[in-house]
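> sequence-free structure coming up:
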């Protein structure tokens, strides 16, 4: 019964805030797995600066070793390397974040948005209007982790490290501009989110 209630909270959350995710050009097939890994681990190196260390002119093969070094998941196929390169290309040219528009997130739990090691998450929050919000995160075990709320334009509305003293964390933040937002979570050890809720202030 308790597990069903938690699942119901997730359904309510994603129903209220379910907005189509960002799409790469239709000819590109970017999986949620690759988008989550890239936006959680790789995009951090390029946000706000668009590093020029990797030349896009050399193609995805030239970036292969770099991608595998930072992608965490050792089971990265050649086609997935190409997906990484597509996202890297977009990040460096447009300075924006992308997630695939595949609709699968409506039917999956929050683990779907975790990297394979489960120490990082990248979760779409949908379109948020300007105003004050409270983010409520309940984890399976007490854990110290960092939370960020960022827009598709790479603007940050929240960047805070949370102590490991409680399984439930209430974090307040303010949205200044109506945009599509994402929640990024990083931890030094595996973290398992049981429920996630976002509330808008009065």
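Noted; the coordinates are in hand. Keep in mind that this is a model prediction, so the values were computed, not measured. Residues are numbered from 1 along each chain as shown.
> name whatever forms a beta bridge with the residue positioned nearest the centre of the chain.
To find the centre residue of the chain, average its C-alpha atoms and take the closest one (CA atoms, centre = their mean): that gives residue 122, at 1.7 Å. Here residue 122 shows beta-bridge partners residue 184, assigned using DSSP bridges.
> residues contacting it?
If you count contacts by CB atoms under 8 Å, 6 or more residues apart in numbering, residue 122 has them with 35, 36, 39, 40, 99, 113, 182, 183, 184, 185. All C-beta atoms are positioned from the backbone trio N, CA, C, and that covers glycine.
> tell me how far it lies from residue 97.
9 Å (CB to CB, to the nearest Å).
> overlap in contacts, the two.
Shared contacts of residue 122 and residue 97, counting by CB under 8 Å, 6+ apart, come down to 39, 182.
> about what we covered before: take the contacts of residue 122 and keep only those in helices.
35, 36 (DSSP state H).
> list just the nearest of the contacts of residue 122 to residue 193.
Taking CB to CB as the measure, residue 185 is the one of the contacts of residue 122 closest to residue 193, at 7.6 Å.
> so that closest one touches residue 191, yeah?
Yes. With contact defined as CB atoms under 8 Å, residue 185 and residue 191 form a contacting pair (6.9 Å).
> hey, what's in contact with both of those two?
Taking CB under 8 Å, 6+ apart as the criterion, residue 185 and residue 191 both touch 121, 145.
> which helix in the chain runs the most residues?
In terms of residue count, the longest helix belonging to the chain (DSSP H) is helix 78-94.
> residues of that one that come out buried?
When neighbours are counted by 16 or more other CB atoms under 10 Å, the buried residues of helix 78-94 are found to be 80, 81, 82, 83, 84, 85, 86, 87, 88, 89, 90, 91.
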